[in-house]
Structures are given as structure tokens and as C-alpha cells.
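Enquirer: Just to be clear, the model below is a prediction. Sequence and coordinates:
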Amino acid sequence: MGIVITPQQARPWDVVIVGARVAGSALALKLARAGRRVLCIERGRRGSDTLSTHALMRGGVLLLQRWGLTEALVGADTPPIRRTVFDYGDERVEVSIRPTAGVDALYAPRRTVLDAALVDAAERAGAVFEFGTAVTGLHRDSTGAVDGVSVRRGAHTAVLAARLVIGADGRSSVVAAETAAPFTARGRHAGAYLYGYWSGAPAQAYEWFYRPGSSAGVIPTSSGQTCVFVGGRPERLAAALAEHGSPAATYRALLAEVGVRQALSGAAPAGSVRYVRGLPHGYLRRPYGPGWALVGDAGHWLDPMSTHGMTSALRDVELLGRVLSMPTGDDPAAPERWARYQVDRDRLSLPLLRASDEIASHEWDLTTIRRLLRSMASGMADEVDALVDDRAA
């Protein structure tokens, strides 16, 4: 396999972002609007779907609104969500989404909608995207600092130079692996989940269901569909699958057990059921080093039951964008920028990580889950406060 040194070696990109999902494409948008020369590399196909709970919380919607992207969601028939329902079996609590920080509704777009809207906006701002290309490793200078990436293009490997490389490439991040980015916080639990879509569902709210040992979510998404998931401890779902014989039959049985089927009255399943297991425990990694940084799931992962992954990714894009806009000269990899990013990210992330880890354990009773959800709500409120605080910008 030949090695090609590209013309960019003579003129490095300001930033190469590995990964073009929510975190990568949002960061490309923010940096391109700030005048950076940005290349975003994604191994997947442009416009491809990916598994997701879809739900955006207030902080995520606030940022999409700030970046001018909520119209694209509404245009793709993504319904506004103005109520959240918490169903504990013995009690059903409805909470209105009241206007706060300029946000009067939440949204849960399909990833084919959200990811595409972010990529389109970033390209209009001047970012360059390369889809269907795998980053095979990092390139380093004589001091060991990262100064580019190696990519595979057909029969050739190309080296692309960059003043800063950012890993936005998910839980299996090449950037995190190649830099041996250490974990700074780890959870102890991980759930397993069954996901499916429904058409014709009358759902008009985020609905969360909690029963001892089980949890579920009903999330209205784009084009008249509803994402419905149910989860529990991995061994419990494995036993249920052995009992019922298939993911679809297990899914139906668990939805009835948790009380979701009544909420889906009149709806019909749309597509196959996905069984997701073997998930990592929640974590935070050190998000930077010489010539590199991490954002999104590459640096911070929450169990899916938190339904906060996309919001956390967008929040960290905002925090990282602020750091890269600090007046420290023209070097986007200046080391004095990074302590602030990690401190701000961890301050907002750790309370959510702790609460979501306990929720993922599915070892709570109905009194404890109410306390954990209050902790999650408090952490989300702190997140919004940080995003609207002009003094932090």
C-alpha cells in the first residue's frame, strides 16, 4: 500500500475532526463560522442513519436554536414536545415544558435529519467533509505531538497535516485509543436495551416509564414515528430473550410489563427491533493533549437511559468552541486553553454521570428513582445556566 503526502502537508488544516455525527459536524459548523479551515472525516456514508434515543434536552435545543437549525428540524416534520410524563406505575406525573432560556419546546429528530442539517450548515460555513474515509492513525511530529492523521483512500494511505486533531469518533474513538487518553471518571453500571419504531402513535410528550428492574421511553420523532425503547440489567434482558425466543417477542412482552403498550394504543410497529447489549459503563476521559482533543462520546459517555448523549455532545462542542476562541494568539492547540475546557466539561458532566449510572443499574426502588431523576433535572438546569451565561463565552 503506497503512502501519499498530500498538498495539505505544506499548508496544514487548522483543525481536522475525526467523525461527522452530532459532535463532529456541530464542531465543524462552529469552527468554520469562526473562520477556521476545517476538514471533517467520517468513515460512514453521508446521510446514513444510526441508533439513537433521539431526545434532545433543553440545553441541546438551546444550542441548535442559537445556531439557526431548529427550522430544519421542524421542516422535517419533527414535532415540538411541550410535556414530559413520568410513569411510576403507582403514579403518573405530567410536567409542562415551560419557556426558559428562549426554549419553549423540545425536539427529538431522526438522526438522518439532525446529522444532515448540521453537515449542510457546516458546509455552507466553509467546512470540508470527506465521507466514506477511515482514519487509520495519527501522525506525530518529532516531539511526539499530534500534527495530522493518516487516512485510507482505496489502495493508498494519505497523511493530512493539521494544527489540531479532534476526535469526535464515538466510543471506539481512534483518537482516544492512539493517544491513550486516560479515564478520569468511570461508572459501575451499564444497561441493555431493545429499540423499535412505531407509526401512528398518538404520543405528544416524552414519556418515561419506571418499574423495579425495568425502564422504558416513548419519544416522538420525525415523520410521524415514535421511538420506543425498554431496558434493564443485561442479565435480565438476556433471560427474557431466552424465554421469549426473539428480540421482537421479548420487546412486546417487556413493553406490556412496564406499562408502555397502553401509551401506544392505535400504533403499529415500523421496522425491526434492535437489541443493544455490551455497552460500556459511563465515563469521562481526559479530553486533550499535545495537538489533540476529544469531544462527544469519544471523551464522555452516558448510558442511553439518560437520553442525554446528544445534548452533552452539543454542550461540549459549545464549551470547546469557546476555548478555541480565547485570545491566546493564533495557535488553536495552545496548551493554556485546555484546562478550562476540562474543568467546565467535568463540572457539568459529573453530576449527570453519577445519577445516570445509578439509573442504569436498575437496582433502585420507586422512591430512589424519583430522587435520581431530580438529580438529573438539577444537573440539566446547571447546564442551561452555563450555556446562557455570557460571562463564560
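Expert: Nice, I can see it.
Enquirer: How is this structure partitioned into domains?
Expert: 2-50+111-187+281-392, 192-276 (automatic domain parsing).
Enquirer: so residue 94, which of the three states?
Expert: Following DSSP: H, G, I helix; E, B strand; the rest coil, the label given to residue 94 is strand.
Enquirer: no no, residue 148
Expert: The three-state assignment at residue 148 reads strand, by three-state DSSP.
Enquirer: Would you mind naming the residues that bridge with the residue lying closest to residue 205 once chain neighbours are set aside?
Expert: Counting by CB to CB, 6 or more residues apart in numbering, residue 205 lies nearest to residue 83, which is 3.8 Å off, once chain neighbours are set aside. No exception for glycine: its C-beta is placed from N, CA and C like everyone else's. Per DSSP bridges, residues listed as beta-bridge partners of residue 83: residue 96.
Enquirer: which one of the domains of the chain lies closest to residue 72?
Expert: domain 2-50+111-187+281-392 (3.9 Å; CB to CB).
Enquirer: Please compute how far that closest one lies from its chain's middle.
Expert: Centroid displacement of domain 2-50+111-187+281-392 relative to its chain, using CA atoms, centre = their mean, to the nearest Å, is 10 Å.
Enquirer: So for it, mean pLDDT?
Expert: For domain 2-50+111-187+281-392, the mean pLDDT works out to 91.
Enquirer: go on, stretch 62-77?
Expert: 94.
Enquirer: List the buried residues in it.
Expert: For stretch 62-77, a neighbour-count test (16 or more other CB atoms under 10 Å) marks 62, 63, 64, 65, 66, 67, 69, 70, 72, 73, 76 as buried.
Enquirer: same question, stretch 363-375
Expert: Across stretch 363-375, burial judged by 16+ other CB under 10 Å covers 364, 369, 372, 373, 375.
Enquirer: Confirm that the fourth one sits in a helix.
Expert: Yes - according to three-state DSSP, the state of residue 373 is that of a helix.
Enquirer: Next up, the contacts around it.
Expert: Listed by CB atoms under 8 Å, 6 or more residues apart in numbering, the contact set of residue 373 reads 86, 355, 359.
Enquirer: Could you measure from it over to residue 379?
Expert: For residue 373, the distance to residue 379 (CB to CB, to the nearest Å) stands at 11 Å.
Enquirer: where do the strands sit along the stretch 201-350 of the chain?
Expert: Ranges of strands in the stretch 201-350 of the chain, per DSSP state E, counting those that start in this stretch, are 206-211, 214-220, 225-232, 268-276, 283-285, 288-289, 292-294, 300-301.
Enquirer: coming back round to it: common neighbours of residue 373 and residue 379, please.
Expert: In contact with both residue 373 and residue 379: residue 355, using CB under 8 Å, 6+ apart.
Enquirer: Ignoring the adjacent residues along the chain, who's closest to residue 293?
Expert: The spatial neighbour of residue 293 that comes closest, neighbours along the chain excluded (CB to CB, 6+ apart), is residue 166 at 4.9 Å.
Enquirer: list the contacts for the one you found?
Expert: 15, 16, 17, 18, 24, 27, 175, 292, 293, 294, 295, 320.
Enquirer: can you rerun that using 6 Å?
Expert: Residue 166 sits next to 17, 293, 295 when contact means CB atoms under 6 Å, 6 or more residues apart in numbering.
Enquirer: quick one on the thing from earlier: got the contact list for the residue nearest to residue 205?
Expert: By CB under 6 Å, 6+ apart, the neighbours of residue 83 are 94, 96, 205.
Enquirer: Could you check how far it is from residue 207?
Expert: Relative to residue 207, and taking CB to CB, residue 83 is found at 9 Å.
Enquirer: Can you tell me which residue sits nearest the middle of the protein?
Expert: With distances taken as CA atoms, centre = their mean, residue 310 lies nearest the centre of the chain, 3.0 Å away.
Enquirer: Give me the residues contacting the helix or strand hosting residue 27.
Expert: Residue 27 belongs to helix 22-33 when assigned by DSSP states H and E. The contact list for helix 22-33 (CB under 6 Å, 6+ apart) reads 15, 17, 38, 40, 118-119, 121-122, 125-127, 168, 295-296, 310, 313-314, 317, 321.
Enquirer: And stretch 252-270, by the same measure?
Expert: Counting by CB under 6 Å, 6+ apart, 197-201, 207, 209, 211, 214, 216, 218, 230, 244 sit against stretch 252-270.
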